[in-house]
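Chemist: I'll drop the sequence and a predicted model, then ask my questions.
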Amino acid sequence: MDGLSRRKMMTTGGVLGAFGALGMASPAGARSLWTWAPSGSVAGEGAGLDPEWVWDEEVDALVAAVIDRGDVPRVNEELVKWTRNDQPLPAGLPGDLREYMERARQLPPWADRKKLETAAAFNERRGIYLNLLNGVGGGMLSTAIPREARSVYYSKGGADMEDRVAKTSLLGFAVGDLNAYRPDGKVVVEAVKTRLVHAAVRHLLPRSPGWSKVSGGQTVPISQADLLVTWHSLPTYTMGRLREWKVPVPPADAEAYLHLWQVTAHLLGIRDEYIPATWDAADAQYGQVLEPVLAPTPEGVELTDILLGQLAEQTSPGGIDRPLVNALARYLVGDRVADWDGIPAEPFWERAIATAWPKLVAFREKLIPLPLVPPLAWTIDEAVRQYILFYLTKGRGTSITLPETNRPS
Ligand code: HEM
């Protein structure tokens with residue numbers, strides 16, 4: 001961690017001080033007892049095992065073997081050829097991995113094509129909110145999830161956040177696309193590749209001295225519990241904000257949007273017995289798994305700074321400067337998480353956004369006429385559009401591939 005980040009951390013409202021000096025584990029283990037019943041899941045039943053102790057056994061073993069026998073470059077060469085949902089898997093993949101991926105790419109029997117189409121249309125109509133919340137909001141939330149921030153920081157992509165953001169946006173873009181689950185869409189491809197990447201991280205990260213020092217006793221990263229936490233930082237957080245912003249979401253759209261993310265969770269390797277069946281079940285699980293683990297970490301603060309710096313860089317010289325970027329990020333995640341992420345307070349822009357954003361939403365929803373929208377709102381609207389453009393175009397020309405190392409120390 002460089003000197004700048006250290007200084008920045010010192011000024012992060014002293015919050016980190018509460019958890020000890022730099023580099024010491026924050027309460028990454030601060031999770032509540034697992035009491036969520038599998039009857040609330042898409043499977044409707046299950047063993048009720050604590051997902052903290054469940055990973056992704058089969059693919060973890062396969063990918064570990066690929067790494068250990070030095071096959072990563074060869075596998076990556078094949079993975080980049082696989083780009084569409086309906087495309088046969090590349091013939092050059094090792095047989096065992098190919099056979100596994102053939103099974104992993106199948107939609108679950110409970111997937112409902114009609115709902116997936118409704119969700120795609122909803123994504124198109126509501127793209128501005130959904131992309132903003134999933135892309136920027138979800139990103140800022142994830143840096144306040146200690147285990148995620150630390151895994152990302154100490155893994156290969158942590159050293160090249162430009163590339164990491166680009167690759168991550170590929171999945172977000174695929175999910176939000178009108179073709180998402182159609183034959184020419186990409187969600188199945190990106191989700192299965194991500195499942196493989198997570199398996200690689202489970203094999204590699206335990207060898208990272210940096211990660212092992214801050215893992216809070218966790219010996220293998222990205223458990224099913226961790227996957228659920230991050231999953232909630234996407235659809236559940238997003239739906240919560242849409243409700244708060246009073247964006248009208250018809251029940252059929254809400255159900256379809258949940259379904260889209262249920263199917264995506266399945267493809268990412270989350271077991272059906274943990275995937276919430278309804279929004280009520282999702283909200284209950286969110287309260288149990290996500291809320292209690294949010295906390296500041298030095299790694300999260302540094303990653304947030306890099307992410308926001310990238311946004312500001314991309315959106316200038318169009319005229320959007322870092323204070324507006326900061327203020328919008330603070331608005332999306334709220335003061336508590338923003339302080340934990342070390343996002344500086346920007347009183348002028350924060351006040352402007354708090355006043356203008358609800359008016360913009362109401363105007364877009366045809367609830368108020370144009371004269372009631374303050375002129376400054378259009379600067380904010382333009383910033384939002386630029387963020388989204390940044391997020392959606394970031395992944396062009398890149399591809400999700402297996403890492404073969406951790407972050408070089
Ligand atoms: C990689 C999405 C959960 C840590 C990725 C990638 C995507 C993604 C799209 C590929 C991009 C890349 O290779 O850089 C998701 C989604 C999740 C989830 C949608 C949950 C629903 C998690 C969790 C952790 C995690 C819980 C850690 C606690 C990582 C790391 C990498 C990665 C460390 C790649 C590392 C590298 O750069 O080498 N994830 N992720 N992810 N994910 Fe996740």
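Modeler: It's in. Computed from a predicted structure; not experimentally measured.

Chemist: Single out the residue in the stretch 151-300 of the chain that lies closest to the ligand.
Modeler: residue 157 (2.2 Å; CB to the nearest ligand atom). All C-beta spots, glycine's among them, are computed from the backbone N, C-alpha and C.

Chemist: tell me the contacts of that residue?
Modeler: By CB atoms under 8 Å, 6 or more residues apart in numbering, the residues touching residue 157 are 163, 164, 167, 403, 407.

Chemist: Could you check the pLDDT of it?
Modeler: Listed pLDDT for residue 157 reads 88.

Chemist: and if you look at the one 5 residues further on?
Modeler: Residue 162 carries a pLDDT value of 79.

Chemist: Then residue 16?
Modeler: For residue 16, the model assigns a pLDDT of 33.

Chemist: Then residue 136?
Modeler: 87.

Chemist: Would you mind listing the residues in contact with the closest residue to it other than its chain neighbours?
Modeler: Using CB to CB, 6 or more residues apart in numbering and skipping residues adjacent in sequence, the residue nearest residue 136 is residue 387, 5.5 Å away. By CB under 8 Å, 6+ apart, the residues touching residue 387 are 132, 135, 136, 311, 315, 325, 328.

Chemist: Okay, buried residues for the host helix or strand of residue 387 please.
Modeler: Here residue 387, judged by DSSP states H and E, is contained in helix 376-393. Under the neighbour-count criterion of 16 or more other CB atoms under 10 Å, helix 376-393 has 377, 379-381, 383-388, 390-392 buried.

Chemist: measure the residue nearest to residue 136 to residue 128 for me?
Modeler: Using CB to CB, to the nearest Å, residue 387 is found at 10 Å from residue 128.

Chemist: Please apply the same query to residue 95.
Modeler: Using CB to CB, residue 95 is found at 45 Å from residue 128.

Chemist: neighbour-wise, which of these two wins?
Modeler: Comparing residue 95 with residue 128 by other CB atoms under 10 Å, the one with more neighbours is residue 128, at 15 against 7.

Chemist: Surely that one forms part of a helix?
Modeler: Yes. Assessed with DSSP: H, G, I helix; E, B strand; the rest coil, residue 128 lies in a helix.

Chemist: ok, now which ones touch it?
Modeler: Taking CB under 8 Å, 6+ apart as the criterion, residue 128 is in contact with 364, 384, 385, 388.

Chemist: if we go to 7 Å?
Modeler: With contact taken as CB atoms under 7 Å, 6 or more residues apart in numbering, residue 128 is in contact with 384, 388.

Chemist: repeat for the one 4 residues further on
Modeler: When contacts are counted by CB under 7 Å, 6+ apart, residue 132 touches 384, 387, 388.

Chemist: And for residue 223?
Modeler: By CB under 7 Å, 6+ apart, residue 223 lies in contact with 51, 52, 53, 54, 55.

Chemist: again, 6 Å this time
Modeler: Neighbouring residues of residue 223 by CB atoms under 6 Å, 6 or more residues apart in numbering: 52, 55.

Chemist: Quick one: name the residues of the stretch 251-400 of the chain near the ligand.
Modeler: Residues of the stretch 251-400 of the chain lying close to the ligand (CB under 6 Å from any ligand atom) are 268, 400.

Chemist: again, only using 8 Å
Modeler: 264, 265, 268, 270, 400 (CB under 8 Å from any ligand atom).

Chemist: okay, now the last one: neighbour count?
Modeler: In this case it means residue 400. 21.

Chemist: Pick out the most distant pair among the contacts of residue 157.
Modeler: 167 and 407 (14.9 Å; CB to CB).

Chemist: picking up where we left off before, looking at this, the residue of the stretch 151-300 of the chain closest to the ligand is in a helix?
Modeler: Yes. Applying three-state DSSP, one finds residue 157 inside a helix.

Chemist: about what we covered before: most neighbours among the contacts of residue 157, please name it.
Modeler: Neighbour-wise, the contacts of residue 157 (other CB under 10 Å) top out at residue 167, 21 neighbours.

Chemist: List the contacts of the helix or strand hosting that residue.
Modeler: For residue 167, the enclosing helix or strand under DSSP H and E is helix 161-176. The contact list for helix 161-176 (CB under 6 Å, 6+ apart) reads 123, 134-135, 157, 186-187, 190, 194, 264, 306, 391-392, 394-395, 398, 400.

Chemist: From the residues you listed, keep the buried residues only.
Modeler: Here, 16+ other CB under 10 Å leaves 123, 134-135, 157, 186-187, 190, 194, 264, 306, 391-392, 394-395, 400 buried among the contacts of helix 161-176.

Chemist: Closest to residue 294 out of these?
Modeler: residue 134 (17.6 Å).

Chemist: send the alpha carbons of stretch 246-253 over as PDB?
Modeler: Extracted C-alpha coordinates of stretch 246-253, given in PDB (Å, rounded to 0.1, in the frame of the first residue of the first chain):
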ATOM      1  CA  LYS A 246     -40.100   5.600  -5.700                       C
ATOM      2  CA  VAL A 247     -39.500   4.300  -9.200                       C
ATOM      3  CA  PRO A 248     -42.700   2.400 -10.000                       C
ATOM      4  CA  VAL A 249     -41.900  -1.300 -10.600                       C
ATOM      5  CA  PRO A 250     -44.900  -3.400 -11.500                       C
ATOM      6  CA  PRO A 251     -44.900  -6.700  -9.600                       C
ATOM      7  CA  ALA A 252     -44.300  -8.800 -12.700                       C
ATOM      8  CA  ASP A 253     -41.200  -6.800 -13.500                       C
END
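
Chemist: List of residues touching it?
Modeler: Under the criterion CB under 6 Å, 6+ apart, residues 122, 242 lie in contact with stretch 246-253.

Chemist: where does this structure have low pLDDT?
Modeler: 1-32, 314-320, 395, 409 (pLDDT under 70).
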